[in-house]
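*Asks:* Whatever this is, show me its structure:
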Amino acid sequence: MVEIDRRTVLLGGAAAVVLAASTLVVPGRASATTPIGPETPVEPVAFDSPTWGALPLLDRQVFTMMSQVFAAFRAHGHAIWGDYRLDRTQVVFPHWPGGEGVPGYAYVVNARRPASLGDAQPVDLPGALRLGAVHRITRGAGMDAALSPNGTVGTADIAGVPTLIIGFGTSDVIRGLLDFGTWFAARVLVHEAFHAHGATWAEYPLPDGQGQPFPADYPRDAENAALALLEDAVLGLPLDQPAPAAAEKLRTYLAIRAVREDRLPEIAWREGPYQSREGTARFVEDRYVRLSGHRLADRSADLSTGPELLGWIGRRRGYPVGAACGELLEAVVGPRWRTWMPLGKTPGDVAAAVLGLPTGGRRDRLVAEAKETHDYPRLLDLVRRADLPHA
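*Replies:* Predicted coordinates:
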């Protein structure tokens, strides 16, 4: 039974499968018994290195974090996502000095041809970081690309090499720079860089003339919203189950989704883009976190007001729903489900193709059992008290 307290706080989507904690050596980790959380400060190791000691704190935090991220991908890259290998990607880290200033320098990691990026000078970092060759540039093609980061994690083609652009520091010109002072940045970096990895994937299909769906335009239907929360409750149960149990959980989700789509066909394309792109990126993010031995974030959502509920149903729940379906598919068919994602599918779509859609009496039974197990009247009452129609 999923409990919802009087403050109507729902656990934000799917609870993750519990994987064995990694034995990675994590630079800056204060205690082997205290998992790193998103709010944990990044504490650089005190190496006996003049070069390391002379670097600004923020620069050392960047290298400390990337050392751990690269180690996670070296050890668990296949489990995180096959050909998505941050540890093998050319990355430019421009330093934004604050205010309206522009970067005066940038670091380059995994440079294929350092001279193609500019006046590349080797940075003598401690070998224990295992970052390979790191260079510092102040001008050239790498710096030119760094001036237009195009988001939190941008991309550029520099001399024919796909390159990630990840700024650090502060800026009044560029919004959304990562704060490398806490480990939350590592999760965001892995998530956003995965979007860059999938930049050539097909988009989830939308009706002709329809742009990106927004929560403000989402149907304010109480029954549909309550059924969506029922899906969340089904997917929010532990996912570390054998294949038959995982398949039954997916079938229950698909049965509820089919009832919702019969009621409001438009929800398929309103929710699909978020479950496809963002759900898959959340799957990758959470796998990185768990396999690193870090602590998952508390993603509880207060759904006691109409606007919060509308934002959840119309957008935010797509992240955990897609991620949960992905984890369940891993249990049922292994990683081969991932080969469908470049085709513009959601993990739920893949589950329907693999397992088939429950129909007739079987569908009715699965929905009825879920409603009884998860106290559907309480979910419907939550939606009505939030006054969704007037959000």
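*Asks:* other SSEs contacting the top strand by length along the chain?
*Replies:* Looking across the chain with DSSP state E, the single longest strand is strand 90-97. Helices and strands touching strand 90-97, by 3 or more CB pairs under 8 Å, 6 or more residues apart in numbering; DSSP states H and E, are helix 57-81, strand 106-109, helix 141-146, strand 154-158, strand 161-165, strand 168-170. For the C-beta atoms, the positions are set from N, CA and C on the backbone; glycine is no exception.
*Asks:* Would you mind finding the most buried of these?
*Replies:* Each of the helices and strands packed on strand 90-97 was scored by mean neighbour count; the highest is strand 106-109, a mean of 26, by mean count of other CB atoms under 10 Å.
*Asks:* So what touches whichever helix or strand comes after that one?
*Replies:* Sequence-wise, the next helix or strand downstream of strand 106-109 (DSSP states H and E) is strand 121-122. Contacts to strand 121-122, defined as CB atoms under 8 Å, 6 or more residues apart in numbering, come from residues 133-137.
*Asks:* so which of the helices and strands packed on strand 90-97 comes closest to residue 267?
*Replies:* helix 57-81 (27.4 Å; CB to CB).
*Asks:* what's the average pLDDT for the closest one?
*Replies:* The average pLDDT for helix 57-81 rounds to 98.
*Asks:* Stretch 127-143: which residues count as buried?
*Replies:* By neighbour count, with 16 or more other CB atoms under 10 Å as the criterion, the buried positions of stretch 127-143 are 129-131, 134-137, 140-143.
*Asks:* quick one on the thing from earlier: what average pLDDT does the longest strand of the chain get?
*Replies:* For strand 90-97, the per-residue pLDDT averages 96.
*Asks:* CA-only coordinates of that strand, as CSV, when you get a sec.
*Replies:* C-alpha atoms of strand 90-97 as CSV (Å, rounded to 0.1, in the frame of the first residue of the first chain):
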residue,chain,number,x,y,z
GLN,A,90,36.3,15.4,-25.6
VAL,A,91,35.1,18.0,-23.1
VAL,A,92,35.9,21.7,-22.9
PHE,A,93,35.3,23.4,-19.4
PRO,A,94,35.3,27.2,-19.8
HIS,A,95,35.7,29.2,-16.6
TRP,A,96,33.2,32.0,-16.3
PRO,A,97,34.6,34.7,-13.9
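*Asks:* Quick check: can you name the pairing partners of it and their directions?
*Replies:* strand 106-109 (antiparallel), strand 161-165 (parallel), strand 168-170 (parallel) (DSSP bridges).
*Asks:* closest to residue 227 out of the ones you listed?
*Replies:* Here strand 161-165 is closest among those (CB to CB), at 39.3 Å.
*Asks:* bridging residues for the residue nearest to residue 145 when sequence neighbours are not counted?
*Replies:* Leaving aside its sequence neighbours, residue 145 sits nearest to residue 156 (CB to CB, 6 or more residues apart in numbering; 3.9 Å). Note on residue 156: beta-bridge partners residue 163, judged by DSSP bridges.
*Asks:* what's the distance between residue 156 and residue 171?
*Replies:* 18 Å (CB to CB, to the nearest Å).
*Asks:* I'd like the average pLDDT over the strand or helix carrying residue 351.
*Replies:* Element membership for residue 351, per DSSP H and E: helix 347-355. Averaging pLDDT along helix 347-355 gives 98.
*Asks:* Tell me the helix or strand right after that helix.
*Replies:* Counting by DSSP H and E, what follows helix 347-355 is helix 360-373.
*Asks:* Can you report how many residues lie near the nearest residue to residue 155 once chain neighbours are set aside?
*Replies:* Nearest residue to residue 155, sequence neighbours excluded (CB to CB, 6+ apart): residue 196, at 4.7 Å. By other CB atoms under 10 Å, the residues close to residue 196 number 18.
*Asks:* how close does residue 196 sit to residue 91?
*Replies:* Applying CB to CB to residue 196 and residue 91 gives a distance of 11 Å.
*Asks:* between the two, what contacts are shared?
*Replies:* residue 164.
*Asks:* Nearest residue to residue 270 in space, please, no chain neighbours.
*Replies:* Closest to residue 270 by CB to CB, 6+ apart is residue 213, at 4.4 Å.
*Asks:* where's the one you found, which helix or strand?
*Replies:* Applying DSSP H and E, one finds residue 213 in no helix or strand.
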